[in-house]
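In: what follows is a protein structure lacking sequence information:
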């Protein structure tokens with residue numbers, strides 16, 4: 001049942017992301033957080049995210065604008081490493097606080113609290129019309145790369161920020177999509193080694209059941225990307241955005257309170 005849940009989420013998220021700009025990591029992380037501890041959920045989501053973006057690169061990568069990829073991506077790589085290392089540091093300690101509620105102890109780790117809080121913040125922003133239209137001047141692109149990479153490394157939330165800093169790059173829709181995919185690959189390649197160091201030997205990522213969940217999510221994301229590229233020219237995701245935002249808020253609150261970080 002867990003594999004089915006993650007696979008369906010990965011398929012739907014991947015199908016919608018290719019042309020809507022809605023992040024697969026944003027859609028998939030809450031589902032992964034129900035199955036893994038917070039920092040492991042981010043790492044597992046990153047594996048699926050990278051695999052899916054490599055597949056997307058095969059579909060649309062030839063349209064990437066490489067000067068923009070490098071201008072944005074160099075600082076994004078350093079930001080991603082910093083964010084991933086911070087996530088590892090937050091996950092290495094004990095509970096951030098302990099509170100007794102209705103006979104149950106709530107004891108979130110630092111990583112669970114931060115990721116939960118960021119899920120809530122980004123979900124709230126996703127529901128704001130001004131945030132969806134936010135676009136920074138092109139001269140801020142290196143700074144945008146650093147911010148995008150940092151939050152990508154810390155919690156996997158990178159799509160919305162990346163779009164905000166790329167919207168005024170002057171790229172046509174095809175080049176915009178392909179450029180975003182290549183930048184996302186750079187961020188994923190930068191953050192995954194840092195996750196590997198902090199989670200070395202973690203049973204949550206090495207046991208067979210966990211590997212099967214991740215493999216199923218990767219295959220489902222591939223299928224979703226293929227369907228999106230073949231059949232979707234423009235995804236209308238207003239209702240989906242609300243549903244995903246609500247899911248992010250609920251699961252983010254559960255993480256921040258220590259209800260979903262065991």
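Out: Done, it's in. Just so it is clear, the structure is predicted and the values come from calculations on it, not from any experiment.
In: got the confidence number for residue 52?
Out: On pLDDT, residue 52 comes in at 80.
In: and what of residue 254?
Out: Reported pLDDT for residue 254: 81.
In: can you tell me the element it falls in?
Out: helix 238-256 (DSSP states H and E).
In: quick one, helices of this structure?
Out: Along the chain, counting by DSSP state H, helices occupy 2-20, 24-33, 38-60, 66-91, 110-126, 129-132, 141-155, 159-166, 173-198, 203-206, 208-231, 238-256.
In: among the ones you listed, which gets the worst mean confidence?
Out: Taking the mean pLDDT of the helices of the chain, helix 203-206 comes last: a mean of 60.
In: I'd like the helices of the chain written out as TSV, with mean neighbour count added.
Out: Placement of C-beta: from N, CA and C, glycine included. Shown next, in TSV, are the helices of the chain (neighbours: other C-beta atoms under 10 Å):
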stretch	mean neighbour count
helix 2-20	22
helix 24-33	26
helix 38-60	24
helix 66-91	20
helix 110-126	22
helix 129-132	10
helix 141-155	24
helix 159-166	22
helix 173-198	21
helix 203-206	14
helix 208-231	18
helix 238-256	18
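In: now do residue 218 against residue 211, distance only.
Out: Relative to residue 211, residue 218 is positioned 10 Å away (C-beta to C-beta, to the nearest Å).
In: I meant residue 50, not that one.
Out: Distance from residue 50 to residue 211, by C-beta to C-beta: 15 Å.
In: same question, residue 138
Out: 42 Å.
In: how near is the nearest residue to residue 83 once chain neighbours are set aside to residue 181?
Out: The shortest distance from residue 83 to any residue other than its chain neighbours is 2.7 Å, reached at residue 153 (C-beta to C-beta, 6 or more residues apart in numbering). Distance, residue 153 to residue 181, by C-beta to C-beta: 18 Å.
In: what does residue 34 give?
Out: Looking at residue 34 against residue 181, where the rule is C-beta to C-beta, the gap reads 27 Å.
In: pretty sure residue 163 sits against residue 183.
Out: No. When contacts are counted by C-beta atoms under 8 Å, residue 163 is not listed as touching residue 183 (10.5 Å).
In: name the residues that touch stretch 114-126?
Out: 26, 29-30, 33, 38-39, 41-42, 87, 90, 108, 131-132, 151, 154-155, 157, 160, 241, 244-246, 248-249, 251-257 (C-beta atoms under 8 Å, 6 or more residues apart in numbering).
In: how distant is it from the center of its chain?
Out: 12 Å (C-alpha atoms, centre = their mean, to the nearest Å).
In: then stretch 181-201?
Out: Distance, centroid of stretch 181-201 to centroid of chain: 12 Å (C-alpha atoms, centre = their mean).
In: now stretch 54-65
Out: A distance of 19 Å separates the centroid of the chain from that of stretch 54-65, by C-alpha atoms, centre = their mean.
In: span of it from start to end?
Out: 16 Å (C-alpha to C-alpha, to the nearest Å).
In: hmm, residue 151 and residue 157 touching each other?
Out: Yes. Counting by C-beta under 8 Å, residue 157 does reach residue 151; the two are 5.0 Å apart.
In: how about the contacts made by the closest residue to residue 167 other than its chain neighbours?
Out: Using C-beta to C-beta, 6+ apart and skipping the chain neighbours, the partner closest in space to residue 167 is residue 135 (3.7 Å). Contacts for residue 135 (C-beta under 8 Å, 6+ apart) come out as 164, 167-168.
In: for residue 151, give me its contacts.
Out: 79, 83, 118, 157-158, 161.
In: next, format those residues as JSON lines and append distance to residue 199.
Out: As requested, the contacts of residue 151 are exported to JSON lines (distance: C-beta to C-beta, whole Å):
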{"residue": "79", "distance to residue 199": "20"}
{"residue": "83", "distance to residue 199": "15"}
{"residue": "118", "distance to residue 199": "19"}
{"residue": "157", "distance to residue 199": "19"}
{"residue": "158", "distance to residue 199": "19"}
{"residue": "161", "distance to residue 199": "24"}
